[in-house]
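A.B. asks: Predicted model follows, preceded by the sequence.
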Amino acid sequence: MKHFKSHTHARHTTATPSGSAPQYRQNYQTTQFHNTLAEQQQKAKRRKSLFALAVLVLVIISVTLVAISVSQCGSSSLRAVSVPEVETYVSPYNWDGMVEQDGRFTYSEDGEVKSQVGIDISELQGNIDWNAVAADGISFAMVRLGNRGYTEGGLFADANAQYNLDEAQAAGLACGAYFFSQATTVEEAREEADMALQQLNGRSLELPVAFDHESVAEANARANNLDRETLTQCALAFCERIEAGGYDVMIYGNRNDLLRYNLKELEGIPLWLAEYDQPHPTAQMDIVMWQFSGSGSVAGINTPVDMNLRFTDAL
């Protein structure tokens, strides 16, 4: 911007008598100069204001452009690192069809019953009157074949396995079986499967043989801290050996037990879920059987017994 310097104004003299002080008069150009200077100063102020306004507009435009650019970059970055959407679990069952009556459940679809009530038992239930059990509306039984000790790891055959299988099938119940595992290696899991096969001795079963590996509420339980991969490999080893013996397989556990496995590696093996005090299963996993109570009452059995619901379209 142009800056105006101070000017020495021209002064004109008039003739004066000799020896008199000169008389000065203001030339008309001086006044004109003052007027011109004022106008120039006003113009300068206007130019300065316009310049400032132009600068402000440029700043606003620049800030806007930068904001848009940052926004676009940010969106691009977010898209680049965004987490894929987690697929929402959808149950294969419509739980509106679940009805509870007198402590037992029935599952129906379109008015058609698609379930059976059953029990799972061991020698702990003592001698069972299986005809009375069948008359009480029980359609199937899962019979324990044996177990591994959770401290020293010894193998034990269930003392009543043969009696329970013989009498339950004779009473018209569909039967499956399970083995309570505390295996810590693949080799131990195969040993357990071999004991189960010895107990079955070629017997025909209507339902699968289940691998039941649970955490035990004891500080010195041998298998409580088994890592996920080892546990998964134990389950696979047990199931492969049982299948080689000609039987279907299944894996049992509550939600926490089942989530200890790498379920993707066990894909294709049916799951038997234990979950109590619910109007229907709530675990987000596909199941074929639901153990809904650990304290059921059934005719012909003198102790509390585990109650189960089998989804007949699935198993």
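C.D. replies: Nice, thanks for sending it over.

A.B. asks: Could you report the pLDDT at Q32?
C.D. replies: What the model reports for Q32 is a pLDDT of 41.

A.B. asks: Following element in sequence after the helix or strand harbouring M195, please.
C.D. replies: Following DSSP states H and E, one finds M195 within helix 186-200. Downstream of helix 186-200, the first helix or strand assigned by DSSP H and E is strand 209-213.

A.B. asks: Remind me what that next one packs against, helices and strands.
C.D. replies: Packing partners of strand 209-213 (3 or more Cβ pairs under 8 Å, 6 or more residues apart in numbering; DSSP states H and E): strand 174-181, helix 186-200, helix 228-244, strand 249-254. (C-beta placed from N, C-alpha, C; glycine too.)

A.B. asks: helices and strands around the first one, which ones?
C.D. replies: Counting by 3+ Cβ pairs under 8 Å, 6+ apart, the packing neighbours recorded for strand 174-181 are strand 115-121, strand 140-148, helix 161-170, helix 186-200, strand 209-213, helix 228-244.

A.B. asks: would JSON lines of these with distance to V298, mean pLDDT and mean neighbour count be doable?
C.D. replies: Shown next, in JSON lines, are the helices and strands packed on strand 174-181 (distance: least, Cβ to Cβ, whole Å; pLDDT from 0 to 100; neighbours: other Cβ atoms under 10 Å):
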{"stretch": "strand 115-121", "distance to V298": "6", "mean pLDDT": "98", "mean neighbour count": "23"}
{"stretch": "strand 140-148", "distance to V298": "10", "mean pLDDT": "98", "mean neighbour count": "25"}
{"stretch": "helix 161-170", "distance to V298": "12", "mean pLDDT": "98", "mean neighbour count": "19"}
{"stretch": "helix 186-200", "distance to V298": "23", "mean pLDDT": "98", "mean neighbour count": "20"}
{"stretch": "strand 209-213", "distance to V298": "20", "mean pLDDT": "99", "mean neighbour count": "27"}
{"stretch": "helix 228-244", "distance to V298": "27", "mean pLDDT": "98", "mean neighbour count": "19"}
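
A.B. asks: Got the domain ranges for the protein?
C.D. replies: 27-81, 96-311 (automatic domain parsing).

A.B. asks: who wins for proximity to E87 among the ones you listed?
C.D. replies: Of all the domains of the chain, the one in closest proximity to E87, counting by Cβ to Cβ, is domain 96-311 (10.7 Å).

A.B. asks: Quick one: end-to-end length of the closest one, please.
C.D. replies: 15 Å (Cα to Cα, to the nearest Å).

A.B. asks: what's the answer for stretch 215-229, then?
C.D. replies: End to end - Cα to Cα - stretch 215-229 spans 16 Å.

A.B. asks: For that stretch, which outside residues touch it?
C.D. replies: By Cβ atoms under 8 Å, 6 or more residues apart in numbering, the surrounding residues in contact with stretch 215-229 are 150-153, 181-184, 213, 234, 256-257, 260-262.

A.B. asks: now that stretch, how far from the centre of its chain.
C.D. replies: Centre-to-centre, stretch 215-229 and its host chain are 24 Å apart (Cα atoms, centre = their mean, to the nearest Å).

A.B. asks: What are the buried residues along it?
C.D. replies: 215, 222-223, 226 (16 or more other Cβ atoms under 10 Å).

A.B. asks: do you know how far the residue nearest to V113 when sequence neighbours are not counted is from T312?
C.D. replies: Closest residue to V113 apart from its sequence neighbours, by Cβ to Cβ, 6 or more residues apart in numbering: T106 at 6.0 Å. For T106, the distance to T312 (Cβ to Cβ, to the nearest Å) stands at 11 Å.

A.B. asks: hey, what's in contact with both of these two?
C.D. replies: Joint contacts of T106 and T312 (Cβ under 8 Å, 6+ apart) are S115.
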